[in-house]
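[1] next come a sequence and a model predicted from it.
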Amino acid sequence: MSELPPLLGPEDPLPYRVTKATGASPFILVSDHAGREVPRALGRLGVEETDWGRHIAWDIGIHGVGVQLQALLGADLVEQVYSRLVIDSNRAPGHPTSIPAVSDHTTIGANVALSAACRTRREREILHPYHDQIAALLRQRQTPVALIALHSFTPRMNGTDRPWHVGILHHRDTRSARIMLDLLRQEGDLCVGDNEPYVLTATSDYTVPYHAEQGGLPYLEIEIRQDLIENEAGQISWAQRLARLLPLYWNAISTAH
């Protein structure tokens, strides 16, 4: 069988958006689900237009938070441009949920019975270039750095309400998580989730295990509830809060023994 033609054409955007650091920030911000682009060759994946505004397509509000936070911290920011329905950049290649056939009870028609060649093409042209950009930025750093993974979550999933305003996900690096959990709880106005609404594992996630845990880097995986950041005011408010707390976290992690 001949190799499939390229997935991304000249009118398709690159699979990543990089906003370079403007200062000596110790952070690299990453956003796996910031975008909802679809390669022209894939049409709309068999998904109704009304569903493209839902959380199944992207992390609602997190692009705005990331952009605002980058400006406040002067940090590097790497964002995935393509929708998680094309391929989920926070899943390892070949993971069963990497290219979902069904997401929150919605069938993704173009992903049903997808061939191995089509899966490989999406990994090669979208998933790997995004992670290569993150890896390149980490290699370029001459000073200590922390990886900050930005996500948002839907207030209700599978019929269950999620009361947390923000969650910190962690696996091996519990020290970083404990510091940030304490800082968030000290705010006094937040319901803070510890490994909520998800538990970070080496198989359920990809970005943090691959880039941070393998290299022994400190990290935070931050989940913000989407109704809190669905508009610009909420995005600015949360960016300002994180821009205030992240330097405190860095000071604590840098001086901890």
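    Received the coordinates, thanks. Everything quoted here is computed from the prediction, not taken from an experiment.

[2] use CA for all of it now, contacts and neighbours both
    OK.

[3] identify the bridge partners of residue 149.
    Note on residue 149: beta-bridge partners by DSSP bridges are residue 30, residue 221.

[4] ok, now which ones touch it?
    Taking Cα atoms under 8 Å, 6 or more residues apart in numbering as the contact definition, residue 149 lies against 29-32, 207-208, 219-222.

[5] and the furthest pair within those?
    32 and 219 (14.7 Å; Cα to Cα).

[6] with neighbour numbers in mind, choose between the two.
    Between residue 32 and residue 219, counted using other Cα atoms under 10 Å, residue 32 has the larger neighbour count: 29 against 26.

[7] would you map the helices across this structure?
    In the chain, the helices defined using DSSP state H lie at 62-73, 116-122, 128-140, 174-185, 207, 232-255.

[8] which of those sits most buried?
    Of all the helices of the chain, helix 62-73 has the most neighbours on average by mean count of other Cα atoms under 10 Å, namely a mean of 23.

[9] report all helices and strands that that helix contacts.
    Using 3 or more Cα pairs under 8 Å, 6 or more residues apart in numbering; DSSP states H and E, the elements in contact with helix 62-73 are strand 27-31, strand 76-80, strand 146-153, helix 232-255.

[10] please repeat the previous calculation with a cut-off of 6 Å.
    For helix 62-73, the packing partners by 3 or more Cα pairs under 6 Å, 6 or more residues apart in numbering; DSSP states H and E come out as helix 232-255.

[11] other residues contacting the helix it packs on?
    Helix 232-255 is contacted from outside by 64-65, 68-69, 228-229, using Cα atoms under 6 Å, 6 or more residues apart in numbering.

[12] hmm, try it at 7 Å
    Helix 232-255 is contacted by residues 61, 64-65, 68-69, 72-73, 176, 179-180, 183, 228-229 when judged by Cα atoms under 7 Å, 6 or more residues apart in numbering.

[13] can you check stretch 26-34 too?
    For stretch 26-34, the external contacting residues (Cα under 7 Å, 6+ apart) are 58-59, 62-63, 75-81, 83-84, 89-90, 144-151.

[14] and if we set it to 6 Å?
    The contact list for stretch 26-34, computed with Cα under 6 Å, 6+ apart, reads 58-59, 62-63, 75-80, 89, 145-150.

[15] and for stretch 215-229?
    The contact list for stretch 215-229 (Cα under 6 Å, 6+ apart) reads 60-61, 146-154, 165-169, 234-235.
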